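Asks: Return atomic coordinates for the entry below.
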Amino acid sequence: MAIAIVGEGGLDYAIGQRIDQPVYAKVAFQVPDPKRTAAEREAARAKIPSYYTPNDPALTLDRIRADLMRWYQIATDAATFEDYVKALEPLKWPTERPAYDRLREFADLPGEAGRSRFQEIISKLPIENQYVVAELSRENRTPPSTLDYILLESKTAEPSTEPMQVANSELVPWGSPKALEGVASHVARRLTEPKLRATVEVIISTVFHDQPTILFDRERTVAAMKKAEDATPEAMTTYEAGKPFINPGFLGPEGYELLRAHQAAYGQFLQQDTAQAAALRQERLLQRIGLGMLVGVITIGLLGYTRIYEPRILNAPGPSVRFGVVILGTLAVARAMDFNWPQFPELTLGPCLVAGGTLAIAHPRRFAIGAMCIVAVLMRTMLHTHLEILLVLATGIAATIYQLDEIRSRAKLPVTGLTAGIAVMLVSAAGSLWAGQELDFLTRHAFWAGGSALLAAFVLSGLLPFLERAFRVATSLTLLEWRDPTRPLLQLLAREAPGTYNHSLVLGTLAEAACERIGANGLLAQVGALYHDVGKIHRAAYFAENQEGRISRHENLSPTMSLLIILGHVKDGLEMAKQYRLPPVLHQFIAEHHGTTVVRYFHNRAAENQPRIATGRHDRAVSEADFRYGGPKPRSRETAVLMLCDGVEGAVRALSEATVGRIEGTVHQLVMDRLNDGQFDDCDITMRDIRLVEESLVKTLCGIYHGRVAYPKARKGAEESLPPARLSV
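Replies: Now for the predicted structure:
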């Protein structure tokens, strides 16, 4: 119940699912609007102006003035116009005669007056106010600025100096020759010497074309854009309480995130100290009380079903704990999956099938199917899943448990998982079609269901050895491995006690046939018979089947000492079973195959050895309780059958003439002795089962100890005749 009511469950919807009714908000909540947030942050970045810094003066403004002074020096050094033209040819500057004449006039002034005068003229040219920019630099920012100005910052200015705004209309693209010529013409028109304007225009145009005067400061611009973006808050969309926020239709990823946001807001709202929150908390409390009552009713039904069909689980603490761990573990794992992957409720099929396989291995299949179907109903109630999921769970449980009648090969579990996976895929697809889901939703959830079933089979295969040891059971695969005659313990038994080994083989045949007749586990009885007498290995010579000749070692021992040796083989057998790590389920055959029966032979010897009184009777009777095995009595049908097989095999083997009638009488007498002695009081074997076992034992023993026709001796001196045909083989 605690697993069901603690915490909030997953969402009731999955991505791609068809929703027939609108979903209403229990509380008001807000969710981020990524598209609007992105648009607002993009607008904030676009509102940041581009930052520029002046280019290196040595390459731009000062270079222009230096080239003009160079031009003046060339005119001064040229003695004739022809020399002037010749000197300007490499520079490709204009060679106009009026300009040369005017420059010569400056040069003819006394001293440095001409040079100073020319330098004063070019220093007044408005070169610094011409902003030539590289056109690609302005275009290579995302997003482009929406402002009509840039910010020009001087590298030599103080840090506190504000950048200067420069209108975009004043910017001259560096890649446009016409624009550069226009700038040069504008600068040249400011000259006070008309004769020099054309030449100065060409020189300025040429230098402007070589380098831009201001450069785009990408680092500063990007940092400012990032700051503006970070300062822009996330846009939120608000949904009011009591109004629909999910409309009917197919649920997309955005709608699913809305559902998750609403669930989170609902949980936070419940923690507030308001009247509305208190009302919602009371509503949720009533819902959990109702859920707890439903879970309690279903749990009582599960316990009642267990009491009726598998009462031994509730009669002992060990089976009860193991059963509880399986059921509670399944619910806990399913709840954890619902927390983490609520959009795929088919994943809860995995723990259900692992638990169902575990119960099918440890208990009858009918009980396992019924119990796990009740658990599936409990899980659907606890996780608020849809009816289609319950059908998927029930189908997977039935398909898995039905195939686990016995596990005789390693491929059994994977094949079972594959078959169950196909079955649940078909049921999941059918449920999706019935609910009107889209093909993508149908395919995705069907494959998740099938994959969960297949994965559960592999998990169960890996857990199989641990489950066998925990539940003290053994699958057919494990029993087949322990039936192998190359097992070290069986080889040791064959070497040290060959008679006991042969006796165990015969008992295996008898027990398997008898158990198959009554519907018990014949393979388990056969393997248990192979190991039931391994305790005789240490003192093999003290047991009749291993003695050579008619001399018995018990002749020189007191009945009490002989009794200790005989009773000790059970204890020794259990110790050897632990030493050789036999499956726990085989230990019961060693401990229970004699039950609490009387060691009749040594009890009679002890009675015969008592002194007699004058009447010829013993002075006191020897108590049978002192000559009984320590038990326990058989607690399963297989060990009860082995007890009967062990008794009748020795009795029939001791018959001087094993006819059918004598075998029937011996078997019936021994069966009635065990029955009257109360050896079957602790197991669920019925009188009908005992009758069928008796018939099976008689039939099998008659086949083993049948008579043969003696071969006639060959006549002396005559040719040996062929032997007659056997009557039986």
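
Asks: what's the domain layout of this structure?
Replies: 51-227, 279-457, 478-548+557-704 (automatic domain parsing).

Asks: Kindly state which of those is positioned closest to residue 264.
Replies: Ranking those by proximity to residue 264 (Cβ to Cβ) places domain 279-457 first, at 12.9 Å. C-beta here means a position set from N, CA and C on the backbone, and glycine is covered the same way.

Asks: Now do residue 328 against residue 302, distance only.
Replies: 12 Å (Cβ to Cβ, to the nearest Å).

Asks: Looking only at neighbour counts, state which of those two leads.
Replies: residue 302 (20 against 13; other Cβ atoms under 10 Å).

Asks: give me every residue that touches that one.
Replies: Going by Cβ atoms under 8 Å, 6 or more residues apart in numbering, residue 302 touches 327, 371, 374, 375, 378.

Asks: Identify the spatial nearest neighbour of the third one, chain neighbours not counted.
Replies: Spelled out, it's residue 374. Excluding its sequence neighbours, the residue lying closest to residue 374 (Cβ to Cβ, 6 or more residues apart in numbering) is residue 302, at 4.6 Å.

Asks: Also the last one?
Replies: Across the structure, with Cβ to Cβ, 6+ apart as the measure, the residue nearest residue 378 apart from its sequence neighbours is residue 298 (4.7 Å).

Asks: Check residue 65 too.
Replies: Per Cβ to Cβ, 6+ apart, closest to residue 65 is residue 122, 5.6 Å.

Asks: The one you found looks like it's in a helix, true?
Replies: Yes - assessed with DSSP: H, G, I helix; E, B strand; the rest coil, residue 122 lies in a helix.

Asks: Tell me how many other residues crowd it.
Replies: Residues near residue 122, counting by other Cβ under 10 Å, number 20.

Asks: wait, isn't it in contact with residue 66?
Replies: No - judged on Cβ atoms under 8 Å, residue 122 makes no contact with residue 66 at a distance of 9.9 Å.

Asks: Any stretches of the stretch 601-729 of the chain with poor pLDDT?
Replies: Within the stretch 601-729 of the chain, the segments meeting pLDDT under 70 span 610-620, 706-729.

Asks: correction: the chain
Replies: Looking at the chain by pLDDT under 70, you get 1-12, 56-61, 124-129, 135-139, 154-160, 174-210, 549-550, 610-620, 706-729.

Asks: Three-state assignment for the residue most central in space within it, please.
Replies: Central residue of the chain (Cα atoms, centre = their mean): residue 455, 8.4 Å from the mean position. Recorded secondary structure, residue 455: helix (three-state DSSP).

Asks: In contact with it, which residues are there?
Replies: 350, 417.

Asks: hang on, residue 44 packs against residue 230?
Replies: No - the pair residue 44 / residue 230 is not scored as a contact, 9.3 Å apart, by Cβ under 8 Å.

Asks: More neighbours: which of these two?
Replies: Higher neighbour count among residue 44 and residue 230: residue 44, with 17 against 10, using other Cβ under 10 Å.

Asks: Please, where are all the strands along the stretch 101-250 of the chain?
Replies: Under the criterion DSSP state E, counting those that start in this stretch, the stretch 101-250 of the chain contains strands at 131-133, 149-152, 164-167, 171-173, 214-216, 236-239, 244-246, 249-250.

Asks: separation between the residue nearest to the centre of the chain and residue 338?
Replies: For residue 455 relative to residue 338 (Cβ to Cβ), the value is 17 Å.

Asks: does the spatially closest residue to residue 310 that is not a sequence neighbour belong to a helix or a strand, and which?
Replies: In space, and not counting its chain neighbours, residue 310 is closest to residue 367: 4.6 Å by Cβ to Cβ, 6+ apart. In the assignment (DSSP states H and E), residue 367 maps to helix 365-383.

Asks: cool, residue 669 as well?
Replies: Counting by DSSP H and E, residue 669 is found in helix 660-676.

Asks: Can I get that helix as PDB, trimmed to CA atoms?
Replies: What follows is helix 660-676 as a C-alpha-only set of coordinates in PDB (Å, rounded to 0.1, in the frame of the first residue of the first chain):
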ATOM      1  CA  VAL A 660       3.700 -61.600 -10.500                       C
ATOM      2  CA  GLY A 661       1.500 -62.600  -7.600                       C
ATOM      3  CA  ARG A 662       4.300 -62.500  -5.000                       C
ATOM      4  CA  ILE A 663       5.400 -59.100  -6.300                       C
ATOM      5  CA  GLU A 664       1.800 -57.700  -6.100                       C
ATOM      6  CA  GLY A 665       1.400 -59.000  -2.600                       C
ATOM      7  CA  THR A 666       4.800 -57.700  -1.400                       C
ATOM      8  CA  VAL A 667       4.200 -54.300  -2.900                       C
ATOM      9  CA  HIS A 668       0.700 -54.000  -1.400                       C
ATOM     10  CA  GLN A 669       1.800 -55.100   2.000                       C
ATOM     11  CA  LEU A 670       4.600 -52.600   2.100                       C
ATOM     12  CA  VAL A 671       2.400 -49.800   0.900                       C
ATOM     13  CA  MET A 672      -0.200 -50.500   3.600                       C
ATOM     14  CA  ASP A 673       2.500 -50.700   6.200                       C
ATOM     15  CA  ARG A 674       3.800 -47.200   5.300                       C
ATOM     16  CA  LEU A 675       0.200 -45.900   5.100                       C
ATOM     17  CA  ASN A 676      -0.800 -47.300   8.500                       C
END
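
Asks: which helices and strands does the helix or strand just after it pack with?
Replies: Sequence-wise, the next helix or strand downstream of helix 660-676 (DSSP H and E) is helix 687-704. Judged by 3 or more Cβ pairs under 8 Å, 6 or more residues apart in numbering; DSSP states H and E, the packing partners of helix 687-704 are helix 498-518, helix 637-653, helix 660-676.

Asks: Can you tell me which of the ones you listed is most buried?
Replies: Among those, the stretch with the highest mean neighbour count (mean count of other Cβ atoms under 10 Å) is helix 637-653, at a mean of 24.

Asks: angle of that helix against helix 687-704?
Replies: Angle, helix 637-653 to helix 687-704, by axes from the mean of the first three to the mean of the last three Cα atoms, to 10 degrees: 40 degrees.

Asks: chain center to helix 637-653, what's the gap?
Replies: Relative to the centre of its chain, helix 637-653 is centred 49 Å away, using Cα atoms, centre = their mean, to the nearest Å.

Asks: Residue 589 contacts residue 639, correct?
Replies: Yes - contact criterion Cβ under 8 Å: residue 589 and residue 639 qualify, at 5.7 Å.

Asks: Which residues are in contact with each of these two?
Replies: residue 528.

Asks: And residue 312, its phi and psi?
Replies: phi -60, psi -20 (degrees, to the nearest 10).

Asks: Was I right to think it contacts residue 319?
Replies: Yes - under the criterion of Cβ under 8 Å, residue 312 is in contact with residue 319, at a separation of 6.3 Å.

Asks: Can you pick out the residue with more neighbours from the two?
Replies: Ranked by neighbour count (other Cβ under 10 Å), residue 312 and residue 319 place residue 319 first, with 18 against 13.
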